[in-house]
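Chemist: Provide a 3D model corresponding to the input given below.
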Amino acid sequence: MALPSSLLLFLLCSLPLLSSSAEPNQIVLPIYKDSSTLQYLIQIKQRTPLVPVHLTIDLGGRALWTVCETGYISTTIRSGGCNTTQCQLAQASKSCEPCSWTLYGPGCTQSDTCWRFAENTVIRLAAGAEVATDVIAINSTDGKGRGKVFNVPQFVFFCARTMNADGLAEGVTGMAGLGRTKISLPVQLASALNLKRNFGLCLSSSTTTNGVVIFGDGPYNFDDSNILKYTSLIVNKVNTQVQVLRGEASPEYFIGVKSIKINNKIVNLNTTLLQIDNRGFGGTRLSTVNPYTVLETSIYNAVIKAFVTELKNVTRVPAVAPFGACFNSKNIGSSRVGPAVPSIDLVLEKDVVWRMFGANTMVRVNKDVLCLGFVDGGEPTFITSIVIGGHQLEDNLLTFDLVKSKLGFSSSLLFRQTTCSNYRLMSEA
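Modeler: Numbering: from 1, shown residues only. Predicted structure coming up:
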């Protein structure tokens, strides 16, 4: 529900202030790729006294949540309370519940508190969690070197139960949501630190070198103005992740794919699946939670068929799960942008093309086998027709303008003889 402009002004004025008089131009966090789960991780510092907290990035996630059922010790954690600014920003439950140590965290000291579902989108679990606030600490930068650490008091997050962390990488206790909400990590940092409501995301393809997420306005040290193309970000009015949340708009980032080309040839598929219908089904969204791009079955079959046809001179070998098309790598050459295979183009509005080369389309499963890194999402339970996964986003600079609702994308940085790990500020916070 849209809030009145007077209430929005009050909420924004009530957001946490800087603990320092100086304001950063950008906030930067290194991103680490976990070798076991292929999840993308960041580390922040939270609580009083500050402790490191490891989180899985969820590009379309609603908020930051972390487990505080046990072991969460902080003198500054506070419950959201009932009918508070924090609860309204979080679009929390309209009904308040009594504080209970079995459901809510150590900040729940009032008689009643507000709550909402904390979503683990890795295993598609949503469980009730307290809306709470606490201090977080994060590094600043002027784009040329590391700056001071800024504390953001009263940062709104969800205080989740231990079960919420099932399926996350070892040592990870929550998720950092970067989605389209009033309490996502980029929006809260922008409001608290007077940053532009923009952020840049660059995922490394390596588990030994880091990518980066940069909050605030560009440039992002990759000569952005010369490499980015732009397309609109689309709002899906139906939450597509968790059944109990279908009644609200999705916080995910959708883009308008009009067609797919392989080797510059249009793939024959049902283009109505590329549009979002009134149930929220269809369309294309970006995901850091899915390790590989997931396609609705008929689209998947069409892409596999077209790709195999264009690679007909390369020996096909038995498929290796979860992939459906695998090839003898001895018959595939190499190039600056990865294995020398046909390019895959996502054709967007105004005929803007997001081109994917071999580094983003192929996955090496062993020394002799390369597989097309796309996965069958199944039917009819698969809701979004195309989910562009982490492998396809790696070593691509993505910029999100949350005010103009616009996505900038570079295609592979390898084409320009650089990678996401070449961002200058890679030391740990």
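Chemist: which helix or strand lies directly C-terminal to the worst-scoring helix or strand of the chain on mean pLDDT?
Modeler: Ranked by mean pLDDT, DSSP states H and E, the helix or strand of the chain with the weakest confidence is helix 5-14, at a mean of 35. Sequence order places strand 26-33 as the next helix or strand after helix 5-14, per DSSP states H and E.
Chemist: residues of that next one that come out buried?
Modeler: When neighbours are counted by 16 or more other C-beta atoms under 10 Å, the buried residues of strand 26-33 are found to be Q26, I27, V28, L29, P30, I31, Y32, K33. No exception for glycine: its C-beta is placed from N, CA and C like everyone else's.
Chemist: out of those residues, which one sits closest to A192?
Modeler: I27 (10.0 Å; C-beta to C-beta).
Chemist: for the closest one, give me its contacts.
Modeler: Applying C-beta atoms under 8 Å, 6 or more residues apart in numbering to I27 gives the contacts I138, N139, S140, T141, F150, L189, L193, L195, I214, F215, G216.
Chemist: what does G389 give?
Modeler: Here G389 is in contact with S287, N290, P291, Y292, T293, V294, V375 (criterion: C-beta under 8 Å, 6+ apart).
Chemist: would CSV of the residues you listed with distance to I183 be doable?
Modeler: Output for the contacts of G389, formatted as CSV (distance: C-beta to C-beta, whole Å):
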residue, distance to I183
S287, 20
N290, 23
P291, 26
Y292, 29
T293, 28
V294, 27
V375, 31
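Chemist: which of these tops the neighbour count?
Modeler: Within these, T293 tops the neighbour count with 28 neighbours, counted by other C-beta atoms under 10 Å.
Chemist: what's the pLDDT at the residue nearest to K229 when sequence neighbours are not counted?
Modeler: Nearest non-adjacent residue to K229, counting by C-beta to C-beta, 6 or more residues apart in numbering: V352, 5.3 Å away. Listed pLDDT for V352 reads 97.
Chemist: burial measure for V352, as a count.
Modeler: So V352, with other C-beta under 10 Å, has 16 neighbours.
Chemist: try A165
Modeler: Per other C-beta under 10 Å, the neighbour tally for A165 reads 23.
Chemist: could you do I299 as well?
Modeler: I299: 24 neighbours (other C-beta under 10 Å).
Chemist: residues contacting the closest residue to it other than its chain neighbours?
Modeler: Once flanking residues are discounted, I299 sits nearest to L269: 5.2 Å by C-beta to C-beta, 6+ apart. Going by C-beta under 8 Å, 6+ apart, L269 touches I260, S298, I299, A302, V303.
Chemist: report the buried members of those.
Modeler: Buried members of those, scored by 16+ other C-beta under 10 Å, are I260, I299, A302, V303.
Chemist: the second one in helix, strand or coil?
Modeler: The three-state assignment at I299 reads helix, by DSSP: H, G, I helix; E, B strand; the rest coil.
Chemist: please look at it and S385 and confirm they touch.
Modeler: Yes: between I299 and S385 there is a contact under C-beta atoms under 8 Å: 6.1 Å.
Chemist: could you tell me which residues touch both of these two?
Modeler: L273.
Chemist: would you list every one of the helices in the stretch 51-200 of the chain?
Modeler: 85-89, 185-193 (DSSP state H, counting those that start in this stretch).
Chemist: how far off centre is the longest one?
Modeler: Once both centres are worked out by C-alpha atoms, centre = their mean, to the nearest Å, helix 185-193 turns out to sit 16 Å from its chain's centre.
Chemist: likewise for stretch 268-285?
Modeler: For stretch 268-285 - counting by C-alpha atoms, centre = their mean - the centre lies 21 Å from the chain centre.
Chemist: shouldn't E310 be in contact with P342?
Modeler: Yes: counting by C-beta under 8 Å, P342 is a contact partner of E310 at 4.2 Å.
Chemist: what touches both of those two?
Modeler: I262, N263.
Chemist: alright, I will stop here.
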